Structures are given as structure tokens and as C-alpha cells.
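**Q** any chance you could fold what I've pasted below:
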Amino acid sequence: MVMKKCISILIVLLTIIACSSASQNIASTDTASSSASNKKISDTVRIANDSLEYEVIIIDNGFSNWLVSRAYPRNYHSLEYLENKNKLYVTEWNNRVLQPQRYNPNLYEMSIDYRPDIHYGYEVNYLIYNYMIYFQNTYKQKLWGYVPSR
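**A** Numbering: from 1, shown residues only. Here you go, the predicted model:
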């Protein structure tokens, strides 16, 4: 079970890393989010824009269900809020990747290359943020600050 979760997290991290090498020419967050598509296939959530400048795939048993039933609705938080939280969560995540003797290496397998100079758009930031909340609540981890238990 833990190995399945770790593989899922690995896929998410690899996808985010692939996203970081994308072009920085996304005109605005509105354009990026309006061209984004969200497809749910069982426990898989995929977000991509038409030109595939970024793509996030989250495969984790229960995340899709949690996202629909427990996450705050889209536009509850501002894009700026999500970006700020994601920077904090990703920074702590990456610190834990570098300390496998202290933190479970099965949970923190790879670092995430989340770059503040890239405008990923609302949908990508929304899903990364909510995955981080889901991850912290599911695995009883605290990456940074207050974690909603919603």
C-alpha cells in the first residue's frame, strides 16, 4: 500500500519536474486556466494545457474522491494564496527529500522543481495545493504551518 502511494507521489513529482522545464510564455493565469482541461480517470487526475507547456498527473488512491468531497471549491483561495502555499510546501518537501535518514524516503522520494518565475495557472496550483493538503492529512505529515483538515 505504501509502495503504491510512493509510486503515485513519484509520478506527481516527475510530472512537476517536467513542467518546470516548460516555456515561460503563458500569457496570463486566465489564459492558462481557461485552456486547461481536467480529466478524471478512476484515481487519476490530469491537468494539461493545449500546447502541453505543463502537465500534472496525480495518481493516488483516494485523492480524486477527497478532491471532490473534501477540498475547498475552486476559486475559494486566490491564485496568489495557492502559489505562496505551494512555494512553502514544496520547499519543505525538498528539504525532506535531502534528509532520508530523518524523513521516510518512501514518502519523499524525489524533489519537486516548482519555480516561482513560471506562471502555472490556477488549475495547476489548485491541484498541487490540494494534493499537498491531502498528503499531509493522509500520511500525518506537517510540511508547513496550519494544515486544514477539511
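
**Q** can you say which helix or strand has residue 64 in it?
**A** Assigned by DSSP states H and E, residue 64 belongs to helix 63-69.

**Q** now do residue 114
**A** Assigned by DSSP H and E, residue 114 belongs to no helix or strand.

**Q** quick check: pLDDT value at the closest residue to it other than its chain neighbours.
**A** Ranked by CB to CB, 6 or more residues apart in numbering and with sequence neighbours excluded, the top spatial neighbour of residue 114 is residue 90, at 4.2 Å. All C-beta atoms are positioned from the backbone trio N, CA, C, and that covers glycine. pLDDT for residue 90: 92.

**Q** and residue 90, which of the three is it?
**A** At residue 90 the chain is in helix, as set by DSSP: H, G, I helix; E, B strand; the rest coil.

**Q** quick one: it and residue 131, what's the gap?
**A** 11 Å (CB to CB, to the nearest Å).

**Q** which neighbours do those two have in common?
**A** With CB atoms under 8 Å, 6 or more residues apart in numbering applied, the contact sets of residue 90 and residue 131 do not overlap.

**Q** how about low-confidence regions in the protein?
**A** Across the chain, residues meeting the criterion (pLDDT under 70) sit at 1-56, 149-150.

**Q** done for today, thanks.
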